[in-house]
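Asker: sequence plus predicted model, see below.
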Amino acid sequence: ETGVTQSPTHLIKTRGQQVTLRCSSQSGHNTVSWYQQALGQGPQFIFQYYREEENGRGNFPPRFSGLQFPNYSSELNVNALELDDSALYLCASSLEQIVDTQYFGPGTRLTVL
Amino acid sequence: SQKIEQNSEALNIQEGKTATLTCNYTNYSPAYLQWYRQDPGRGPVFLLLIRENEKEKRKERLKVTFDTTLKQSLFHITASQPADSATYLCALPGYSSASKIIFGSGTRLSIRP
């Protein structure tokens, strides 16, 4: 186990709703990256938070937003859900913005109906 | 733009044989390349990282090669076991803050007894 936890495990929402996903980093890690993984695809980078500030963002619209808290836990918020947002959402924690050594959580499976 | 290609077709190997997976990339000269294992519904687990100045890296039954001229990495599992069945992802660091890390779509490996 990596020590990275995510909640909830599964979630079902309807189109247009909003969702908040949570991630607890491995102890001592100050960097969290969020990824979206569609079925049969590799994870796609959404954004990274380092010391509570956004530190890089992938090609995702503004309705994807995040937060990192002083204890380095993190949230991913998605507004105005669309059917294509159905995916496995992964967070990964690491030290000092480095992604060559990052530890993934088990993911949250989001289904949008 | 950066592109990573992995064989999208599943690889079926007899137990005990060596499995070889391929990762090709274009339009890029990465400082390193990573391999991850992912089981269904779970987050990726980091396996190996190989840097651009390393030709080969080993870890137990795993071996990774990195040919920067061919822009290719090969991932070998020797003496394969059914427990090695999973999807294997390769990943490269992005060249901007908008793409911290880029994953391939993965190759599903099945080891039959």
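Answerer: Perfect, thanks for sending it. Numbers count the residues shown, from 1 in each chain, chains lettered A, B, ... in the order given.
Asker: and B:Cys90, how many residues sit next to it?
Answerer: 28 (other Cβ atoms under 10 Å in any protein chain shown). Bear in mind the C-beta positions are built from the backbone N, C-alpha and C, glycine included.
Asker: distance of it relative to chain A?
Answerer: 9 Å (Cβ to the nearest Cβ, to the nearest Å).
Asker: over to B:Ser73?
Answerer: Taking Cβ to the nearest Cβ, one finds B:Ser73 at 14 Å from chain A.
Asker: kindly report the residues of chain B close to chain A.
Answerer: B:4, B:32, B:34, B:41-46, B:49, B:89, B:91, B:93-94, B:97-106 (Cβ under 8 Å from any Cβ of the partner chain).
Asker: just the buried ones from the residues you listed?
Answerer: Buried by 16 or more other Cβ atoms under 10 Å in any protein chain shown: B:4, B:34, B:42-44, B:46, B:49, B:89, B:91, B:93-94, B:99-106, out of the residues of chain B next to chain A.
Asker: skipping adjacent residues, who's closest to residue 72 in space?
Answerer: Assuming you mean chain A. A:Ser25 (4.7 Å; Cβ to Cβ, 6 or more residues apart in numbering or on different chains).
Asker: oops, wrong one, chain B.
Answerer: Going by Cβ to Cβ, 6+ apart, B:Gln72 has B:Asn24 as its nearest residue, at 5.1 Å.
Asker: what's the pLDDT at the residue nearest to A:Tyr72?
Answerer: Note on A:Ser25: pLDDT of 91.
Asker: what does B:His76 give?
Answerer: For B:His76, pLDDT reads 97.
Asker: could you do A:Val99 as well?
Answerer: 75.
Asker: roughly how far out does the helix or strand of chain A with the lowest mean pLDDT sit from the chain middle?
Answerer: When each helix and strand of chain A is scored by mean pLDDT, DSSP states H and E, strand A:53-57 comes last, with a mean of 90. Here strand A:53-57 is found 12 Å from its chain centre; the criterion is Cα atoms, centre = their mean, to the nearest Å.
Asker: same question, stretch B:8-17
Answerer: 14 Å.
Asker: also stretch A:92-99?
Answerer: 13 Å.
Asker: residue nearest the centroid of chain A?
Answerer: With distances taken as Cα atoms, centre = their mean, A:Trp34 lies nearest the centre of chain A, 3.3 Å away.
Asker: quick one, what contacts residue 64?
Answerer: No chain specified, so I'll use chain A. A:Ile46, A:Phe47, A:Leu76, A:Asn77, A:Val78 (Cβ atoms under 8 Å, 6 or more residues apart in numbering or on different chains).
Asker: try again with chain B
Answerer: Contacts of B:Val64 by Cβ under 8 Å, 6+ apart are B:Leu33, B:Trp35, B:Leu48, B:Ile50, B:Glu56, B:Lys57, B:Arg58, B:Ser73, B:Leu74, B:Phe75, B:His76.
Asker: could you list the low-confidence segments of chain A?
Answerer: For chain A, the stretches flagged by pLDDT under 70 are A:1-2.
Asker: let's go with 90 and repeat that
Answerer: A:1-3, A:26-30, A:51, A:55-56, A:71-72, A:94-102 (pLDDT under 90).
Asker: and it, which of its residues are near chain B?
Answerer: So chain A meets chain B at A:2, A:4, A:33, A:35, A:40-45, A:48, A:55-59, A:88, A:90, A:92, A:99-107, A:109 (Cβ under 8 Å from any Cβ).
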